[in-house]
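> model the following, please.
(2 chains)
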Number of protein chains: 2
Amino acid sequence: MAKDKSTRRPKAETPKGFRDYFGADVTERKAMLDRIAEVYHLYGFDPLETSAVETVEALGKFLPDVDRPNEGVFAWQEDSDWLALRYDLTAPLARVAAQYRNDLPSPYRRYAMGPVWRNEKPGPGRFRQFYQCDADTVGAPSVAADAEICAMLADTLEAVGIPRGDYIIRVNNRKVLNGVMEVAGILDPNDPEKFAAERGIVLRAIDKLDRLGEDGVRALLGAGRKDESGDFTKGAGLGDEQAGVVMGFMAAKRSTGAGTVARLRELVGGSATGLEGVEELEMIAGLLAAQGYGPDRVDIDPSVVRGLGYYTGPVFEAELTFEILDEKGRPRQFGSVAGGGRYDDLVKRFTGQAVPATGVSIGVDRLLAALREKRKQAGTERKESGPVIVTVMDRDRMADYQAMVGELRAAGIRAEVYLGNPKNFGNQLKYADKRNSPVAIIQGGDEAARGVVQIKDLILGARIASEASLEEWKSQPAQFEAPRADLVAAVRRLLEG
Amino acid sequence: MAKDKSTRRPKAETPKGFRDYFGADVTERKAMLDRIAEVYHLYGFDPLETSAVETVEALGKFLPDVDRPNEGVFAWQEDSDWLALRYDLTAPLARVAAQYRNDLPSPYRRYAMGPVWRNEKPGPGRFRQFYQCDADTVGAPSVAADAEICAMLADTLEAVGIPRGDYIIRVNNRKVLNGVMEVAGILDPNDPEKFAAERGIVLRAIDKLDRLGEDGVRALLGAGRKDESGDFTKGAGLGDEQAGVVMGFMAAKRSTGAGTVARLRELVGGSATGLEGVEELEMIAGLLAAQGYGPDRVDIDPSVVRGLGYYTGPVFEAELTFEILDEKGRPRQFGSVAGGGRYDDLVKRFTGQAVPATGVSIGVDRLLAALREKRKQAGTERKESGPVIVTVMDRDRMADYQAMVGELRAAGIRAEVYLGNPKNFGNQLKYADKRNSPVAIIQGGDEAARGVVQIKDLILGARIASEASLEEWKSQPAQFEAPRADLVAAVRRLLEG
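Numbers count the residues shown, from 1 in each chain, chains lettered A, B, ... in the order given. Model prediction:
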């Protein structure tokens, strides 16, 4: 038995819901994150890299119980502590802001980039490890901090290659929604806990406007909604008039920011919180307009609420407005790539003292997919060229071939010697093809004796192979001879040509 | 009870053995890794980023049992599978090489950079999450691949800032050691399992030569060794003559590579494996010498064995030879920063087919510490300058201050508005100091009316404050007035001066 077990081979598989990134997947993401970091840096943000592992207690929200310790997170017990992989970059920031509160500058502007993990059912395009890229300001109570995040987000999108006109950052304020809910009678400022469950349903319903449409949202505000599969989702139980107030809020957008603000002011009626929220929106829009970020880039939009419960003030969402084709070939907007808002209570969990904070999180994979789509539409997709391959004709002259790649690299040209079994020369050229190599170098004994090398233009070669007649192909214009001493210059001419 | 629990505050603490990286910790490491990636890329290596989570089965080595599922790794059960955080970057590569064997080019040159996790007792400078940076070639049987890794490692060390002469890459071969152990009678080629435990002890003993000295190693080769604390480590139980053969191997280094090779050839006697190993060492040294990597950079050294059991051929280790002071102020060499070797059996675990592989792993934190030490010794430590701070004298003119930072940023100058409570101006300057800001901008109502700004040179100011007399300080030469329209030009002059 024991022997059987030890000889069984392990499966070579990525765990379910996880994936590997190869070559350009890694370098393209890195290039994008480098550009983003440059913008964040210019705005005075400093990098922070927390560990992937946190105590479950510090992560909060997903507290473990004995039966199901890992609801939403990947968690394990370590002596007496429960540890878990972080599920976002905000919870670790709140922990850091509390832990180092005496050492960090205040306000503390930080950015963070890295993987997060979610213990959720994987699905197509839904992975259990993915990248986030966040920027947050902790300790700045003024909405000037929120406005700054919005401006920086706009700059960031343009810096990575989303042209102006192809994105819009929509801004709203939770306080306005709270004011509307006061008016609708489902929020009592003197007893904020009352109707909390109903308000949660309202929040999630509004967040689904895009997907469910007005009727769907109205059903969720009322008794509930049966979806196509027949599953029933319980509604908030609002009366028609109450639901009407909420629906009115979502439709409050007017053609100008001033118009929208005026409409919101009507809707929140006498709610002090609601009026505060409207004023904050006005201030944000004013600050941004003064810096040249008009409503073509950052706009007030009451239909944006963001799903997360912890936002306390302004919320924002960046949407890409250019069209792509969905699975069925119908055009639709690319959609959301980033979102955030103000969360003044997260650090308080640790310290008991309120610490204002606001920030944004970019969905790295979404934004990267958008950039690829833009390049595809523009016909500017890049396929990175591989290294120059020095083939091995004579195993005993490996040192000569190594000397060639050494010279090429010294000239800054990516190059390698073929290190597989050199017996079958066809395999060497197949390898060069798989690597997308632009050039192969060939030097057999005869060439070595004559002090020359054969230089094979693989890009031209591939074109000739697919387009040319047999006669043309046979004449092999894609391969030429050069003096060994001119190797680097000849390869460089080919690569630059 | 329940209420009590819910109001208890979580501790704001990094889990034991984990750490956070701030500011320059992140950017300096990133800059180093970027330089390393450039060298790897030039050599034709492609990036690979596997997920942090693997099945325990794929990781191998640390198989879980019911009592202690997480020996060495952080592991947890997920439905019927055990998952774990990767403990190095080699095991995931072996999994990838097996999983994608039909799609990857062969040979497959890949590099990987990222955190790994070890479930070990944390200690001073010993963390449970740390970075590795690996380059490996899978599918290349020839020692030309090992030689390439050594050459690339030398180039990499120089590229990040370790000058030639300050490092040495030592190369050895497990086959030579196996030959020596055949001669010593503790390896029988016909029954490789016999004496496996003894050989493990021998391997680890040789690996400790630096730390234990010759006497310590000899004790471990024999009956065993009692350390300073009185703990006894069981030895390999070799007789005096057997131990002498092993000690002779460790001392086989001669002043020239040819001399060392000749001595090794004597030592392995008639062992076929041993002779093969000696020939491989000769070939590696020959290939490297032909490319200009002489024994001042890559040298044959029989005392290098590397602790890991899975190496099957050449092994190598990069040591930094410049001196630092230890905790007690005594000079010692900086020591090892990278190591690796050939492991031809790791992919076979999955596929049953032997796949040759060789590679190197750089200890990122160690190398970064070495670079800092070098800069410290050279007096070229950099302290990154913070952003220009635009102070807030008048809360109502926030838009004006935002416009200033907007202009500065547009000119590529890192800048931010102070976003804390602006009431206490002293706090704003303290903040600028904490951020290591070079310049603060001040514009009160009076300056605004006159169309000017005050520009405060904080670096000069700090110098005057620490060196100058009160009179000089009062004359405030570190602050001057400039027309508002000249803001960017004036700041730029200051930063460039």
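
> residues contacting the one residue in the stretch 151-300 of chain A that gets nearest to chain B?
Nearest residue of the stretch 151-300 of chain A to chain B: A:A290, at 3.6 Å (Cβ to the nearest Cβ). Just so you know, the C-beta spots here come from the backbone N, C-alpha and C atoms, and that holds for glycine as well. Neighbour list for A:A290: B:A399, B:D400, B:Q402, B:A403 [criterion: Cβ atoms under 8 Å, 6 or more residues apart in numbering or on different chains].

> low-confidence ranges, the stretch 351-497 of chain A, go.
By pLDDT under 70, the low-scoring segments of the stretch 351-497 of chain A are A:468-477.

> show me where it has strands.
Per DSSP state E, counting those that start in this stretch, the stretch 351-497 of chain A carries strands over the ranges A:357-363, A:388-390, A:415-417, A:439-442, A:452-457, A:479-483.

> any idea which of these gets closest to B:G139?
B:G139 sits nearest to strand A:415-417 of all these, at 13.1 Å, using Cβ to Cβ.

> note down every partner strand of the closest one and its orientation.
As defined by DSSP bridges, the strand partners of strand A:415-417 come to strand A:388-390 (parallel).

> what sits up against the strand it pairs with?
So strand A:388-390 is in contact with A:401, A:404-405, A:408, A:413-418, A:428, A:431-432, A:435, A:437-441, A:491, A:495, going by Cβ under 8 Å, 6+ apart.

> same question for stretch A:273-286.
A:143-144, A:146-147, A:150, A:171-180, A:182-183, A:189, A:257, A:261, A:264-265, A:267-268, A:295, A:298, A:300, A:313-314, B:399.

> got it, and stretch A:206-225?
A:177, A:201-202, A:204-205, A:232-240, A:242-243, A:246-247, A:250, A:303, A:305-307, A:335.

> try 6 Å
With contact meaning Cβ atoms under 6 Å, 6 or more residues apart in numbering or on different chains, stretch A:206-225 is reached by A:205, A:232-236, A:238, A:243, A:246, A:250, A:303, A:305, A:307.

> quick one: buried residues of that stretch?
For stretch A:206-225, burial by neighbour count (16 or more other Cβ atoms under 10 Å in any protein chain shown) applies to A:206-209, A:212, A:216-222, A:225.

> in strands, which of those fall?
Mapping the buried residues of stretch A:206-225 onto strands (DSSP state E) picks out A:R225.

> what's the most distant pair in the buried residues of stretch A:206-225?
Farthest pair in the buried residues of stretch A:206-225 (Cβ to Cβ) is A:D207 and A:G222. Separation: 16.9 Å.

> quick one: which of the contacts of A:A290 is most hemmed in?
Comparing these by number of neighbours (other Cβ atoms under 10 Å in any protein chain shown), B:Q402 comes first, having 21 neighbours.

> got a list of what A:V268 touches?
Neighbours of A:V268 in contact, by Cβ under 6 Å, 6+ apart: A:G179, A:V180, A:G274, A:L275.

> name the nearest residue to it, ignoring sequence neighbours.
Once flanking residues are discounted, A:V268 sits nearest to A:G274: 2.7 Å by Cβ to Cβ, 6 or more residues apart in numbering or on different chains.

> next, give phi and psi for A:Q353.
Main-chain dihedrals, A:Q353, degrees, to the nearest 10: phi -110, psi 140.

> ok, now how distant is the nearest residue to it once chain neighbours are set aside from A:V355?
Spatial nearest neighbour of A:Q353, excluding adjacent residues (Cβ to Cβ, 6+ apart): A:V347 at 7.8 Å. Noted for A:V347: a distance of 4 Å to A:V355, by Cβ to Cβ, to the nearest Å.

> state whether A:V39 is indeed within a strand.
No. Secondary structure assignment (DSSP: H, G, I helix; E, B strand; the rest coil) places A:V39 in helix, not in a strand.

> so what's the residue count around it?
The number of residues packed near A:V39 is 21, by other Cβ under 10 Å.

> got the confidence number for A:N119?
Model confidence at A:N119, given as pLDDT, is 88.

> who does it bridge with?
As for beta bridges, A:N119 partners with A:G72 under DSSP bridges.

> A:W76 now?
A:L83.

> in this structure it contacts B:E78, no?
No. At 10.2 Å, A:W76 does not count as touching B:E78 under the criterion of Cβ atoms under 6 Å.

> residue ranges of the strands in the stretch 201-350 of chain A, please?
Along the stretch 201-350 of chain A, counting by DSSP E, counting those that start in this stretch, strands occupy A:224-226, A:232-234, A:298-300, A:314-325, A:331-342.

> what's the mean pLDDT across the second one?
Computed over strand A:232-234, the mean pLDDT rounds to 88.

> list the buried residues in it.
A:T233.

> in its sheet, what does that strand sit against?
By DSSP bridges, strand A:232-234 pairs with strand A:224-226 (antiparallel).

> what of the third one?
Pairing partners of strand A:298-300, with direction, according to DSSP bridges: strand A:167-173 (parallel).

> residues contacting the strand it pairs with, please?
A:150, A:153-154, A:157, A:277, A:280-281, A:298-302, A:304, A:313-321.

> show me which residues of the stretch 251-400 of chain A sit near chain B.
A:L287, A:A290, A:Q291, A:F350, A:P387, A:M398, A:A399 (Cβ under 6 Å from any Cβ of the partner chain).
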